[in-house]
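A.B. asks: how does the following fold in three dimensions:
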Amino acid sequence: MQWAVIYIFGEYRLVEVSRDRKRVYWNGGPGYCRLEEGKLTIVHDYGNIDPDDNEKIDDVFLDFYKNYNQPIEKIIISSGWLSPDGKFFPCGYYEHANTAEKLCAIYYDLLTNPIRILEENNWIKVYIDGEIGVEDFMSFIPTDNQIDTIVKLIECSTADLDNSTPDYVNNLKDTLKYWRNK
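C.D. replies: Model (predicted):
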């Protein structure tokens, strides 16, 4: 199967291209669209790859995440991942695993066990209600940069009361208070 990157609906997608080059499939499922002349173009062609060559397919995914599908760092009221250096990568509801895979590819050149890898490397999972997810909450020691970003998230939430939930702010404040009093 031929692997390629296309630009569609305002984003890059890693797809499999049919042998007749008339359709593209994504997410390994039955979803596809027609590859019509002038309407949908291939941005990067990885060529034909044996479906059993897992190492080569992993290399394609690593390249795709690093060059076309990087999560955007941004301080907003959202669930997401907080890196040890204080960068916050928002993600949608139930999107922690997908975002973790991208972050692991970019930061650690790995695709396997992405949530575990991030947790082992001192990343903080922030849930939609401001709850914090870390490997061992009681003994976890956040970096100064992570503390600073949590403060920014609280400030952002307080400033944007229309889109904020009290739980988000309160849960972040409770976590911050606990970590500062350890």
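A.B. asks: can you tell me the SS state at the residue lying closest to residue 89 once chain neighbours are set aside?
C.D. replies: By the measure of CB to CB, 6 or more residues apart in numbering, the closest residue to residue 89 outside its immediate chain neighbours is residue 71, 4.3 Å from it. Heads up, the C-betas are built off the backbone N, CA and C, glycines and all. Per DSSP: H, G, I helix; E, B strand; the rest coil, the local secondary structure of residue 71 is coil.
A.B. asks: surely residue 71 is in contact with residue 87?
C.D. replies: No. Contact criterion CB atoms under 8 Å: residue 71 and residue 87 do not qualify, at 9.4 Å.
A.B. asks: how many neighbours does the residue nearest to residue 89 have?
C.D. replies: Counted by other CB atoms under 10 Å, the residues lying close to residue 71 total 20.
A.B. asks: tell me which residues touch it, please.
C.D. replies: Going by CB atoms under 8 Å, 6 or more residues apart in numbering, residue 71 touches 81, 89, 90, 91, 99, 102, 103, 106.
A.B. asks: doesn't the first one fall inside a helix?
C.D. replies: This points to residue 81. No. Going by three-state DSSP, the assignment for residue 81 is strand, not a helix.
A.B. asks: who's in contact with the closest residue to it other than its chain neighbours?
C.D. replies: Closest residue in space to residue 81, ignoring its immediate chain neighbours: residue 89 at 4.7 Å, by CB to CB, 6+ apart. With contact taken as CB under 8 Å, 6+ apart, residue 89 is in contact with 71, 72, 73, 74, 80, 81, 82, 83, 99, 103.
A.B. asks: now residue 46
C.D. replies: 2, 3, 4, 5, 60, 63.
A.B. asks: one more: residue 108?
C.D. replies: 117, 121.
A.B. asks: distance check, it against residue 134.
C.D. replies: Look at residue 108 and residue 134: by CB to CB, to the nearest Å, they are 18 Å apart.
A.B. asks: so where's this structure shaky on pLDDT?
C.D. replies: Low-confidence regions of the chain, defined by pLDDT under 70, span residues 19-40, 159-164.
A.B. asks: show me where this structure has its strands.
C.D. replies: For the chain, strands defined by DSSP state E occupy the ranges 2-8, 11-17, 23-26, 32-34, 42-48, 79-82, 88-91, 124-126, 132-133.
A.B. asks: dump these into TSV; add distance to residue 143 as well.
C.D. replies: What follows is the strands of the chain, written out as TSV (distance: least, CB to CB, whole Å):
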stretch	distance to residue 143
strand 2-8	34
strand 11-17	31
strand 23-26	36
strand 32-34	43
strand 42-48	36
strand 79-82	9
strand 88-91	13
strand 124-126	9
strand 132-133	14
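A.B. asks: now the residue with the shortest distance to the centre of the chain. Nearest residue, chain neighbours left out?
C.D. replies: Most central in the chain under CA atoms, centre = their mean is residue 99, positioned 1.8 Å from the mean C-alpha point. Distances taken as CB to CB, 6+ apart place residue 91 nearest to residue 99, at 3.9 Å, with adjacent residues excluded.
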